[in-house]
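Enquirer: how would this look folded up:
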Amino acid sequence: MTSTNRRSATPPIKDGPLPLMRPRVGTGLLKSYPIYIVLLIILVSGCKEPMSVERFVKGEGPYTFFVDLSDSTATYDFEFYTRVDAPLDSLRKLSALPLQVTWTSPSFHVFREEVYMPLEGRTTFFSREVRAPYRADIQPVEPGPWTLMVRAEDLPEGFCGLGLVVKRNRQ
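Expert: Modelled structure (predicted):
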């Protein structure tokens, strides 16, 4: 005779989905869609045009820079920079570099001048880094894209190229 009153080690199975497997309503992309919109608005509102732009042209020139001076309410500061890689005794002889600067306006008017870039700067055993102000608080006579071409003659030994920093000042 067998006993019909046995205890089972597993609980009885119930019909229907398990509580942990219940489908979640309102999840996924549709529920988080407003969060994506808020993040997008924050990111777009944080994107502004930079206040300064730098460009470096390697080689012996001529050095051509395309400068966006479209903001007619702003003034602009310009600065040249370079690096000279040469032995220390050659670096001691450097003083100033004559630059022939040519500006071309959006309507193709041409303005020329000659300036001198002092070659005094931070010197290490084998190089010198130079930053020299060129013009400050310039308001263009014609807003738009300008072209700046710079020629330098008698470049010192180890001259790496010429860079331009354009900083926009809001008024």
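Enquirer: state the distance from the residue most central in space within the chain to Ser70.
Expert: Compute the mean C-alpha point of the chain, and by CA atoms, centre = their mean the closest residue is Val53, 6.6 Å away. Using CB to CB, to the nearest Å, Val53 is found at 12 Å from Ser70. For every residue, glycine as well, the C-beta is placed using N, CA and C.
Enquirer: in this protein, which spans are strands?
Expert: According to DSSP state E, the chain carries its strands in the segments 52-58, 63-69, 75-85, 96-104, 110-118, 122-123, 127-138, 144-152, 161-169.
Enquirer: buried sites along the first one?
Expert: Read that as strand 52-58. Going by neighbour count (16 or more other CB atoms under 10 Å), nothing in strand 52-58 comes out as buried.
Enquirer: paired strands for that strand, with orientation please.
Expert: strand 161-169 (antiparallel) (DSSP bridges).
Enquirer: same question for the strand it pairs with, mean pLDDT?
Expert: Per-residue pLDDT values across strand 161-169 average out to 93.
Enquirer: now that strand, how far from the centre of its chain.
Expert: 12 Å (CA atoms, centre = their mean, to the nearest Å).
Enquirer: what's that strand in contact with?
Expert: With CB atoms under 8 Å, 6 or more residues apart in numbering as the test, strand 161-169 has contacts from 49, 51-59, 61, 63, 65, 67, 71, 74-83, 131, 134, 137, 148, 150, 152.
Enquirer: hmm, which of those residues are the buried ones?
Expert: 61, 63, 65, 67, 71, 74-83, 134, 148, 150, 152.
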